[in-house]
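Visitor: Would you be able to build a 3D model of this:
(chains A and B)
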Amino acid sequence: MATEIRAGKQGGERPRASLREVNVGRVALHGLERGGLPILLIIMFAFFALDSKSGTAFTSSGNLRNILGNQAVTGLVALGMVVPLVSGYFDLSVAGTTGITNVAVAATIGPHQWPVIGTIAFALAMGALIGFINGFLVAKMRLSGFVVTLGSYTLLGGLSLFYTKGSFITEKIPASFGQWGSATLLGIPRPFWLLIIVGLVVWYTLAHTPFGRYLESIGSNEEAARLVGINVTRMIWASFVISGVLGAIAGVLETSRAGSASAETGAAFLFPAFTAVFLGATTIRPGRYNVWGTLVGTYFVAISVSGLTLLGANIWVSPTFNGVALIVAVALSTLIARARERRSALAAPNVARQSGNGGQASLQQAGSNASASDP
Amino acid sequence: MQAGSLGRLEDLQISEQTVSGNAVAERPRVEVRNLSKTFPGMRALSDVDLDIRAGEIHALVGGNGSGKSTLIKILTGVYQGDEGGVLRTGDHEIAAEDSSPEFARSAGIHVVHQDLGVFIDMSVAENIALGHGYETAMGIQVRWASQRQRTRRLLERFDIEAEPGTPLRALSQAVRTQVAIARALQDQEDDSEGLLILDEPTSSLPAHEVELLVSTLRRYATRGQAILYVSHHLEEVLDLADRITVLRDGHTVGTFEAAALDEDALIGLIVGRQIDRVFPAMPATTATTPLLEVHNLCAGPLEDVSVSVTPGEVVGIGGLLGSGRTELLRAVFGDLPVRSGEMIFDGKRLKAESPAEAMKAGIAYVPENRAVDAAFHDLPVFANISMANVRDYWTLGRIAYRRMRSDAKLSMAEFLVKASSGEAMLSTLSGGNQQKVILARWLRRKPRLLLLDEPTQGVDVGARAEIYQLVRNAVSEGAAVLLVASDFEELAPIADRVVMLSEGRVTGEVRPPDLTAERLMVAANHRTGATNGH
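Guide: So this is what the prediction gives:
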């Protein structure tokens, strides 16, 4: 007993003493870590805005509105990926869901002349069904989420191609439907507002409901989550359904923005969204997938690509930039997550306050869960 | 009882001297001298000496935490010893602090662990090749024919009844162990060099396969192989070993001729006198109506198990690893499908098919493997503590984080968790404090039945006493406890009675005044047959 008391005292004193010394540097470091990407986003913006070659075109209200509006779809796809990732499971099929609902909305509202409400309900139900099937395979059948959703992503692309026969669907789409997505509110495109609203709902669900807490605990340790009475299967399953619905919302918005549909649409969102999710995990709540970081990541990629294009860069720049950004993002977010694990007890109060904000899980877990569920 | 074992000890010390007096002047194959090992805050080994002769099966025994694994890890170069120790095998001698895997390899020290480390879906030949390198043509193409031939020669040399092409899955566990041994020893020219260490080789073997392995080992030893045999099965050790070295709390108790010992004497040596570990006595049971009755339960490896526990009672579940202890707790917690039998909880039939249902009935489960089954390492302490009752904080459409944090703070104080704050990541806490966090998670729910599986594993002595103090508090408030603990010195004072399990069946029950660590060890080592605390 005596030794225990002594150990306890030491354990209490040491951190307090050193905490005072390191506090200033540590707070600055944390600020930089959390705010790094938003700051970089602003620097990038300023650079393209002030550059003589790209400046005028870049800062034109048309270009800015275009970025904000177009990238709302990417942002929605990225949010769809975030939800299952919090519990440690990849969902690559979101972009495929966006693609096929894009086709479904254009076909029902155009050639088949469905009312707008009916067509939206149909698309959302379709997204939910796709998520339900993915969830069944991953949560219930315990197949690898990464592989299953890669399969369903490809399959959905194939079905879209089957329906469209490779051509665009533009016929009879009511002009009013297309106008919704082009209109602005307070000078900001409506799609961006939609993205913010959906972002708020997803953030609330992850951070402030038991469901969100459960997803985070599953992402942290699935077995332990099961043994505190959490119905792990049902939670993961539900996260895939939500993911599917978010993909469908993105599909509806894309149809309105583009006024058309093609089987190629979905593929365009996969990589930017994926990159945004991992970039997002380097900021706001470093080392964890999070809603606001993901949105910052979405626009970081978009602004960079737009700016580079206006600087006269070739078409190869965009995919190259996406690839590099994805690798840098996954490296940074993983290293941050690892460093956080290693951080000693003295840093704990600072680190933990961030994680109190809400419900997202560690990146390392995502990787290990994804591989653990491989048969 | 203490005096008795002390008396026996003295007798044995004399016989040890006789042994060393008779010892042949021949230099032992392996020598360990003055080996110590200090971990931060803990001395795992103190001046340990060990001699192993050529052609000898030398057993190493001791309770949990006695230093057996540390000794093996230093011999194989996983750990380095403190300064001043010396290791020697044959002509290879090294200072203990310089021990390394390279030294172990050059000195021919090979270890075969309990889990064997074999690849169950690969053939015998490939398993052998993975320890040595494939037979290749020009270093690229595998020459399967000569690989098979080489394997066949090894199988003959080690008397293994298997074909090179057979996948290990098709072989019995004993033969798999033989293959693992052959793989470890294949580079040895003959049996007059090196040391083979077997770590609990029979713990996963069915009784009839133990015979096969034991006779194989005898044959290897006859040819001159030195074998260090680590096991909990004392009957087996006494039957198989030539000499036995006993470790207790990191000290060498002595090396004894196996023939001079019987099981009681050996247990006396392992347990020694009660060490100054004080556990709180549990209050006497007053209730008589059982809270939980398990009748003829069959689930997983469990066959026909019946157990009951009343409020305020601590029932220990004794037995060796793999006896079905953990599965019993999991079945009660609704985490293991029940084939037949029934459970009555509080007078009603318990039909828990998931942990959530068991929790609703008032059952709590602290699992054995904290890291895998209980800890959320990258979540803060307050979230870990609250995880089993998140729903209680779901009010007005959001989670009351403020209340969750302040409640967690109270729980940390109540359950003696030492952490810089509730915001600290669980991974930054010591093992003992992590365990108290897990205990707090469940005890704050005021469970009626507490299932504890090795609650003090990987926890230092001080924290152990605190953990049992917390359990005691719950018990005096009327909770019933089913407690699994491998450390019988811990189980004996804490449990009101202990139900012994072996190979999935209840083999007996030990009650006071027979409830001592010695008696439990005797009961656990009987593989079959009733041991009703006779």
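Visitor: Report how many residues lie close to B:Ser46.
Guide: When counting by other CB atoms under 10 Å in any protein chain shown, one arrives at 16 neighbours for B:Ser46. Backbone N, C-alpha and C define where each C-beta goes, glycine included.
Visitor: how close does the most centrally placed residue in chain B get to B:Pro301?
Guide: For chain B, the residue sitting closest to the mean C-alpha position, by CA atoms, centre = their mean, is B:Leu321 at 6.3 Å. B:Leu321 is 12 Å from B:Pro301, where distance means CB to CB, to the nearest Å.
Visitor: and stretch B:156-172, how far apart are its ends?
Guide: End-to-end distance for stretch B:156-172, by CA to CA, to the nearest Å: 18 Å.
Visitor: next one: stretch B:35-46
Guide: 6 Å.
Visitor: What residues of it count as buried?
Guide: By 16 or more other CB atoms under 10 Å in any protein chain shown, the buried positions in stretch B:35-46 come out as B:Leu35, B:Ser36, B:Lys37, B:Ala44, B:Leu45, B:Ser46.
Visitor: Other residues contacting it?
Guide: By CB atoms under 8 Å, 6 or more residues apart in numbering or on different chains, the residues outside stretch B:35-46 that reach it are A:7, B:47-50, B:67, B:70-71, B:74, B:79, B:81-82, B:84-87, B:96, B:250-251, B:460.
Visitor: Looking at the buried residues of stretch B:35-46, which are in strands?
Guide: Among those, the residues falling in strands (DSSP state E) are B:Leu35, B:Ser36, B:Lys37, B:Ala44, B:Leu45, B:Ser46.
Visitor: from those residues, which single one is nearest chain A?
Guide: Taking CB to the nearest CB as the measure, chain A sits nearest to B:Ala44 out of those, at 15.9 Å.
Visitor: farthest-separated two in the ones in strands among the buried residues of stretch B:35-46?
Guide: B:Leu35 and B:Ala44 (10.2 Å; CB to CB).
Visitor: where exactly do the strands run in the stretch 251-400 of chain B?
Guide: B:251-257, B:292-299, B:302-309, B:314-318, B:340-345, B:348-349, B:363-366, B:394-395, B:398-399 (DSSP state E, counting those that start in this stretch).
Visitor: Format these as CSV; extra columns: mean pLDDT, mean neighbour count and distance to B:Leu501.
Guide: Output for the strands of the stretch 251-400 of chain B, formatted as CSV (pLDDT from 0 to 100; neighbours: other CB atoms under 10 Å in any protein chain shown; distance: least, CB to CB, whole Å):
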stretch, mean pLDDT, mean neighbour count, distance to B:Leu501
strand B:251-257, 90, 19, 29
strand B:292-299, 91, 19, 11
strand B:302-309, 92, 19, 7
strand B:314-318, 92, 25, 6
strand B:340-345, 91, 16, 15
strand B:348-349, 89, 8, 23
strand B:363-366, 94, 26, 17
strand B:394-395, 88, 12, 40
strand B:398-399, 90, 18, 42
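Visitor: Looking at the ones you listed, which is nearest to chain A?
Guide: strand B:398-399 (4.2 Å).
Visitor: Quick check: A:Val198 vs B:Asp249, distance?
Guide: 62 Å.
Visitor: More neighbours: the two, which one.
Guide: Between A:Val198 and B:Asp249, counted using other CB under 10 Å, A:Val198 has the larger neighbour count: 22 against 16.
Visitor: how close does the residue most central in space within chain A get to chain B?
Guide: The centre of chain A sits closest to A:Ala78, judged by CA atoms, centre = their mean, with a distance of 2.8 Å. The gap separating A:Ala78 from chain B is 22 Å, by CB to the nearest CB, to the nearest Å.
Visitor: Next one: that residue, what pLDDT does it get?
Guide: Confidence at A:Ala78, expressed as pLDDT, is 96.
Visitor: Verify the stated contact: A:Met81 with A:Ala273.
Guide: Yes: here A:Met81 reaches A:Ala273: they are 6.1 Å apart, a contact under CB atoms under 8 Å.
Visitor: what sits in contact with each of the two?
Guide: Contact with both A:Met81 and A:Ala273 is made by residues A:Val94, according to CB under 8 Å, 6+ apart.
Visitor: Same drill for these two, tell me which one is more crowded.
Guide: A:Ala273 (30 against 27).
Visitor: Any figure for the gap between that one and A:Ser182?
Guide: 22 Å.
Visitor: Could you count how many residues lie near B:Glu327?
Guide: 20.
Visitor: Give me the spatial nearest neighbour of it, chain neighbours excluded.
Guide: On the basis of CB to CB, 6 or more residues apart in numbering or on different chains, the spatially nearest residue to B:Glu327 that is not a chain neighbour turns out to be B:Gly300, at 4.3 Å.
Visitor: any idea how far the one you found lies from B:Asp392?
Guide: In terms of CB to CB, B:Gly300 sits 32 Å off from B:Asp392.
Visitor: who touches residue 172 in this structure?
Guide: No chain in the question, so chain A it is. Neighbouring residues of A:Lys172 by CB under 8 Å, 6+ apart: A:Gly110, A:Pro111, A:Gln113.
Visitor: wrong one, chain B
Guide: Contact analysis of B:Ser172 by CB under 8 Å, 6+ apart lists B:Glu209, B:Leu212.
Visitor: cool, and B:Ala104?
Guide: B:Leu75, B:Thr76, B:Gly77, B:His110.
Visitor: would CSV of those residues with neighbour count, distance to chain A and secondary structure be doable?
Guide: Listed next are those as CSV, based on neighbours: other CB atoms under 10 Å in any protein chain shown; distance: CB to the nearest CB, whole Å; DSSP: H, G, I helix; E, B strand; the rest coil:
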residue, neighbour count, distance to chain A, secondary structure
B:Leu75, 26, 29, helix
B:Thr76, 20, 27, coil
B:Gly77, 19, 26, coil
B:His110, 22, 31, strand
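Visitor: What is the most widely separated pair among the residues you listed?
Guide: Using CB to CB, the contacts of B:Ala104 reach their maximum pairwise distance at B:Gly77 and B:His110, which is 11.7 Å.
Visitor: Distance check, the closest residue to A:Val305 other than its chain neighbours against chain B.
Guide: Once flanking residues are discounted, A:Val305 sits nearest to A:Ser318: 4.8 Å by CB to CB, 6+ apart. According to CB to the nearest CB, A:Ser318 stands 35 Å off from chain B.
Visitor: From the recorded domain assignment, give the ranges for chain B.
Guide: Per automatic domain parsing, the structural domains of chain B span B:2-108+B:192-271, B:119-187, B:274-362+B:447-534.
Visitor: Quick one: end-to-end distance for the shortest one.
Guide: Taking CA to CA, the first and last residues of domain B:119-187 lie 19 Å apart.
Visitor: chain center to it: distance?
Guide: Mean-position distance between domain B:119-187 and its chain equals 29 Å (CA atoms, centre = their mean, to the nearest Å).
Visitor: what's the average pLDDT for that domain?
Guide: Mean pLDDT, domain B:119-187: 83.
Visitor: cool, stretch A:115-127 as well?
Guide: pLDDT averaged over stretch A:115-127 gives 92.
Visitor: helix or strand right after the one helix or strand A:Ser152 maps to?
Guide: A:Ser152 belongs to helix A:145-164 when assigned by DSSP states H and E. Next helix or strand after helix A:145-164 toward the C-terminus (DSSP H and E): helix A:175-182.
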